[in-house]
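>>> Provided below are the primary sequence and the corresponding predicted coordinates.
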Amino acid sequence: MAALGAFAFLVALALTGGRGGPGLAPFMPKGLMTMPLEDVREVEVESGFQRLRFVRAAEGWRINEAAAATAVATELDTALTLLRNAGPERVLSETEVQATDAAQFGLDPPRARVTVRGRGTKSFAIAFGATNVLGLSHFAKVEGNGEIALLPGYVAAAWERVGKAP
């Protein structure tokens, strides 16, 4: 009898394509950048003394008016995807930021600054600062917002690689 019940369950599972129920919500991006990736037209990355400008053209990304190497274009697409999809581990409110020593965030000056421009007048700018005490996350501040986010280290690392593009 139990074998028949198990067989019926497997048949139902096979015919319906899976089990329904809670916990099966579709993926929703949780990153700080809400602009859809397909809307991104231009990206500026400032890191140290280097400033790179990427423009999306019909043939792909161009960097400082020259065609970007495939590896650089892939790094840029990855960094943009992470900025949109990877949510902050924690967000410090304006009150929390004002109650602490701002120098610990390493945002004045930032290690890197990224400006993303989309269709029309859409834009998004973020500054990456120091790592947290454990060295696993980076402080980041979205332009026009008094909060400071703690982003996973791999997000900042992706933008550091883009900023070192040839």
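Thanks, I have it.

>>> most centrally placed residue in this structure?
residue 83 (1.1 Å; Cα atoms, centre = their mean).

>>> continuing past the lowest-mean-pLDDT helix or strand in the chain, what's the next helix or strand?
Lowest by mean pLDDT, DSSP states H and E among the helices and strands of the chain is helix 2-16, with a mean of 69. Per DSSP states H and E, helix 2-16 leads on to strand 42-47 as the next helix or strand towards the C-terminus.

>>> Can you mark which positions in that next one are buried?
Neighbour-count burial for strand 42-47 flags 43, 45-47 (criterion: 16 or more other Cβ atoms under 10 Å). Using the backbone N, CA and C atoms, a C-beta is placed for each residue, glycine as well.

>>> Also stretch 89-104?
Neighbour counts over stretch 89-104 (16+ other Cβ under 10 Å) mark 91-92, 97 as buried.

>>> between those residues, which is nearest residue 147?
Nearest to residue 147 among these, counting by Cβ to Cβ, is residue 91 at 5.3 Å.

>>> which strand residues sit across from the closest one in the sheet?
Beta-bridge pairing of residue 91 under DSSP bridges involves residue 149.

>>> That one is in contact with residue 149, isn't it?
Yes - between residue 91 and residue 149 there is a contact under Cβ atoms under 8 Å: 5.0 Å.

>>> before we move on, back to that, against residue 95, how distant is the residue nearest to the centre of the chain?
To residue 95, residue 83 is 26 Å away according to Cβ to Cβ, to the nearest Å.

>>> likewise residue 7?
According to Cβ to Cβ, residue 7 stands 60 Å off from residue 95.

>>> One more: residue 9?
For residue 9, the distance to residue 95 equals 53 Å [Cβ to Cβ].

>>> Kindly report the same for residue 166.
Here residue 166 is placed at a distance of 43 Å from residue 95 (Cβ to Cβ).

>>> who touches the nearest residue to residue 30 once chain neighbours are set aside in this structure?
Setting aside the residues directly before and after it, residue 30 is nearest to residue 87 in space (Cβ to Cβ, 6 or more residues apart in numbering), at 3.0 Å. When contacts are counted by Cβ atoms under 8 Å, 6 or more residues apart in numbering, residue 87 touches 30-32.

>>> And residue 44, by the same measure?
By Cβ under 8 Å, 6+ apart, the contact set of residue 44 is 51-54, 113-115.

>>> Check residue 48 too.
residue 163.

>>> Same check on residue 160?
By Cβ under 8 Å, 6+ apart, the contact list for residue 160 reads 47, 111-112.
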